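[1] how would this look folded up:
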Amino acid sequence: MMEREKLALLEEMLELEEGDLDVDKVLDDLEEYDSMAKLSLIVLMEDEFGVKLTGDIIKGFKTVGDIVAMMNK
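    Residues are numbered from 1 along each chain as shown. Modelled structure (predicted):
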């Protein structure tokens, strides 16, 4: 899966417009990245990529790029 496709999955999850996200976007700057979004991210990562996220892993995410990098694991 290409980076743009991964960003599109995150945009859909966060209900953002296509092209709103890039890997340098700081998560704290996104009002849509709230506790519900984090729960959705846990489900998305497990369903789409087989990656199990923990609270500590999620707390370590600072940018959208951090999440995309985890999708590659």
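
[2] in the helix of greatest length in the chain, what's buried?
    Among all segments of the chain classified by DSSP state H, the helix with the greatest residue count is helix 35-49. For helix 35-49, the neighbour count (16 or more other CB atoms under 10 Å) marks 37, 40, 41, 42, 44, 45, 49 as buried. Any C-beta I mention is one placed from the backbone N, CA and C, and that applies to glycine too.

[3] do the same with stretch 48-56
    49, 53.

[4] That stretch spans what distance, first to last residue?
    For stretch 48-56, the first-to-last residue distance is 20 Å (CA to CA, to the nearest Å).

[5] Just give me how far it sits from the chain centre.
    Centroid displacement of stretch 48-56 relative to its chain, using CA atoms, centre = their mean, to the nearest Å, is 11 Å.

[6] which residues sit against that stretch?
    Residues external to stretch 48-56 that are found in contact with it (CB atoms under 8 Å, 6 or more residues apart in numbering): 9, 41, 42, 45, 46, 70, 71, 73.

[7] returning to that earlier point: tell me how far the longest helix of the chain lies from the chain's centre.
    Worked out by CA atoms, centre = their mean, helix 35-49 lies 8 Å from the chain centre.

[8] now stretch 47-65
    From the chain centre to the centre of stretch 47-65 is a distance of 7 Å (CA atoms, centre = their mean).

[9] One more: stretch 11-31?
    So, by CA atoms, centre = their mean, the centroid of stretch 11-31 is 8 Å from its chain's centroid.

[10] Over the longest helix of the chain, what's the mean pLDDT, rounded is fine.
    For helix 35-49, the per-residue pLDDT values average out at 97.

[11] Redo the contacts of stretch 48-56 as a markdown table? Include distance to residue 57.
    What follows is the contacts of stretch 48-56, written out as a markdown table (distance: CB to CB, whole Å):
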| residue | distance to residue 57 |
| --- | --- |
| 9 | 17 |
| 41 | 10 |
| 42 | 10 |
| 45 | 9 |
| 46 | 12 |
| 70 | 7 |
| 71 | 12 |
| 73 | 10 |
